[in-house]
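Chemist: model this:
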Amino acid sequence: MSTHDHTHDHEHDDPGQRDELAFSFEFFPPKTEQGVEKLREVRAALAPLKPRFFSVTYGAGGSTQERTLETVLDIQRSSGIEAAPHLSCIGSSADQVRQILNLYRESGIKHIVALRGDLPSGTMDSGEFRYANELVEFIRKETGDHFHIEVAAYPEMHPQAQNFERDVANFVRKVQAGADSAITQYFFNADAYWHFVDTCLKAGVTVPIVPGIMPITNYTQLARFSDMCGAEIPRWVRKQLEAYGDDTASITAFGEEFITLLCENLLDTGAPGLHFYTMNRAEPTVTIWNNLGLSA
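Modeler: I've put the predicted structure just below:
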């Protein structure tokens, strides 16, 4: 448990206070018709929890961008929950981004997650925007205050950052460019989150920095993801999960308890909400939600 002394002015299990907290769920665009149907079911299971928004990730390359758009419009039309598309600037021209923004605006989308995106491998041009702060600036210039803009934050440092100070400076630039709030990469160590938040506060950042939460259901996949994105799995958690081998029931039970405690700890110490990386599944997130007593 964290010994962090953040004062908290809310009790997360007081349903009256829930409105002030920002809860959101993230999906990736399905690749098949089957996947589309499955995601609709997942969405139907999560919508009653009344999150502030459903976000949809954005892959590089034409077809995945199309799928993001389709998924977002489907959510916006039929779920009653606001949709927040990810918009990545790598490999995009200002004109392409302008077109997408206009399309989103016409479709009633008011929320965007603005990211740099992964640098393309090889010598492909990175496009007109090199960094997320340039994208945020462009969105503001083109659309004024129409969009609520989220940016990404990395409590354990962006995998490509040279050092922590430079990474924080980068984050501060994105906020100064006009971001309204931030969502963190997932993490399993609350102290890393609070250290990041405190460092940002000292640098004058006052926008909400919402913790990203990854339910634990599949250890192999989690280990692979975490290596790629620089999220540390604490050694004791890793050893425990390894010890279960192929026993998925035990992995799920342990993961559920561990993530519930992490979320409780974060909300009790004043986190402004939670953003769940659902991996297009409802049960793990719903279970944690119920454990936390977060009635809709």
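
Chemist: close enough to count as contact, residue 103 and residue 72?
Modeler: No: with contact defined as Cβ atoms under 8 Å, residue 103 and residue 72 do not form a contacting pair (9.8 Å). Quick note: C-beta positions are derived from backbone N, CA and C, even for glycine.

Chemist: These two: which is more packed in?
Modeler: residue 72 (26 against 14; other Cβ atoms under 10 Å).

Chemist: roughly how far apart are residue 228 and residue 211?
Modeler: For residue 228, the distance to residue 211 (Cβ to Cβ, to the nearest Å) stands at 19 Å.

Chemist: again with residue 149
Modeler: On the measure of Cβ to Cβ, residue 149 and residue 211 end up 18 Å apart.

Chemist: just residue 279 next, same as before
Modeler: As judged by Cβ to Cβ, residue 279 and residue 211 stand 17 Å apart.

Chemist: same check, this time on residue 295
Modeler: Look at residue 295 and residue 211: by Cβ to Cβ, they are 20 Å apart.

Chemist: circling back: counting neighbours, go ahead and name the busier of residue 279 and residue 211.
Modeler: For residue 279 and residue 211, the more surrounded residue by other Cβ under 10 Å is residue 211, and the numbers stand at 26 against 18.

Chemist: so where's this protein shaky on pLDDT?
Modeler: 1-19, 59-64, 118-127, 296 (pLDDT under 70).

Chemist: residue ranges for the strands of it, please.
Modeler: Along the chain, counting by DSSP state E, strands occupy 22-27, 53-56, 83-88, 111-115, 148-153, 181-186, 209-213, 273-277.

Chemist: I'd say residue 30 and residue 41 touch.
Modeler: No: applying Cβ under 8 Å as the test, residue 30 and residue 41 come out as separate, 11.3 Å apart.

Chemist: Quick one: the helices in the stretch 51-200 of the chain, in order.
Modeler: Here the stretch 51-200 of the chain has its helices, by DSSP state H, counting those that start in this stretch, at 62-78, 94-106, 132-143, 164-176, 190-202.

Chemist: Could you list the buried residues of stretch 261-268?
Modeler: 262, 263, 264, 265, 266, 267, 268 (16 or more other Cβ atoms under 10 Å).

Chemist: and which of those residues is nearest residue 199?
Modeler: Closest approach to residue 199 among the buried residues of stretch 261-268 (Cβ to Cβ): residue 266, at 16.9 Å.

Chemist: Let me see the contact set for residue 199.
Modeler: 164, 168 (Cβ atoms under 8 Å, 6 or more residues apart in numbering).

Chemist: picking up where we left off before, now the strands of the chain in TSV, with distance to residue 192?
Modeler: As requested, those are exported to TSV (distance: least, Cβ to Cβ, whole Å):
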stretch	distance to residue 192
strand 22-27	20
strand 53-56	22
strand 83-88	23
strand 111-115	20
strand 148-153	11
strand 181-186	9
strand 209-213	10
strand 273-277	16
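
Chemist: Can you say which of those strands is nearest to residue 234?
Modeler: Across these, residue 234 has its closest neighbour in strand 181-186 (13.0 Å, Cβ to Cβ).

Chemist: For residue 45, find the nearest of the strands of the chain.
Modeler: Ranking the strands of the chain by proximity to residue 45 (Cβ to Cβ) places strand 22-27 first, at 10.2 Å.

Chemist: Show me which residues of the closest one are buried.
Modeler: Buried residues in strand 22-27, defined by neighbour count with 16+ other Cβ under 10 Å: 22, 23, 24, 25, 26, 27.

Chemist: What pairs with it, parallel or antiparallel?
Modeler: Strands adjacent to strand 22-27 in the sheet, as given by DSSP bridges, are strand 53-56 (parallel), strand 273-277 (parallel).

Chemist: My guess is residue 175 contacts residue 151. True?
Modeler: Yes: contact criterion Cβ under 8 Å: residue 175 and residue 151 qualify, at 7.0 Å.

Chemist: which residues sit in contact with residue 228?
Modeler: Applying Cβ under 8 Å, 6+ apart to residue 228 gives the contacts residue 159.

Chemist: Count the neighbours of residue 163 for me.
Modeler: Residue 163 is flanked by 9 other residues according to other Cβ under 10 Å.

Chemist: In space, what's closest to it - neighbours in sequence excluded?
Modeler: residue 157 (7.8 Å; Cβ to Cβ, 6 or more residues apart in numbering).

Chemist: List phi and psi for residue 80.
Modeler: phi 70, psi 0 (degrees, to the nearest 10).
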